[in-house]
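Enquirer: I would like the atomic coordinates for the input below:
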Amino acid sequence: MPEARTPAQIEADIVRRREQLAETLDEIGVRMHPKTIVGDAKAKVASKVDQTAGRAVVAVNRLVTDLKSGLRHEDGTPRVERLVPVALVAAGLVGVLVLAARRKRG
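Expert: Residues are numbered from 1 along each chain as shown. Next up, the predicted model:
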């Protein structure tokens, strides 16, 4: 059988539980505040953007490295048979961009 508690013990227990409840309600209030929710959402989005950007940078670096290695022989000399088409495509792309910019202005 549990020990009988005095009225003072019961009252102290009620006060302690009220304080715990008040702390819990304050914490819920902070978590549910619109600024907190927006801040948390911004942090999650920023994290995802950072992860995505990091993956993109790694992928682009890998692609550039692969392209560079494909444009040179193992001894380091350029592969003309591959450089010429790449240069032509690049020149064509620049030409298209210049034409598009001119049309947009005019």
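Enquirer: quick one: average confidence on the longest helix anywhere in the chain?
Expert: The residue-count maximum for a helix in the chain (DSSP state H) belongs to helix 34-70. Mean pLDDT, helix 34-70: 92.
Enquirer: begin at 9 from here
Expert: With 9 as the first residue, the last one maps to helix 42-78.
Enquirer: after that helix, next one along is what?
Expert: helix 88-113 (DSSP states H and E).
Enquirer: So Arg13: helix, strand or coil?
Expert: Of the three states, Arg13 takes coil under DSSP: H, G, I helix; E, B strand; the rest coil.
Enquirer: Could you find the closest non-adjacent residue to it?
Expert: What sits nearest to Arg13 in space, not counting adjacent residues and going by CB to CB, 6 or more residues apart in numbering, is Asp21, at 7.7 Å. C-betas here are computed from N, CA, C, even on glycine.
Enquirer: Within the helices and strands, which one has that neighbour?
Expert: Going by DSSP H and E, Asp21 is in helix 15-40.
Enquirer: starting at the chain centroid, how far to that helix?
Expert: Computed by CA atoms, centre = their mean, to the nearest Å, the chain-centroid distance of helix 15-40 equals 38 Å.
Enquirer: just checking, what packs against that helix?
Expert: Using 3 or more CB pairs under 8 Å, 6 or more residues apart in numbering; DSSP states H and E as the contact definition, helix 15-40 packs against no other helix or strand.
Enquirer: can you rerun that using 10 Å?
Expert: Here helix 15-40 touches helix 42-78, going by 3 or more CB pairs under 10 Å, 6 or more residues apart in numbering; DSSP states H and E.
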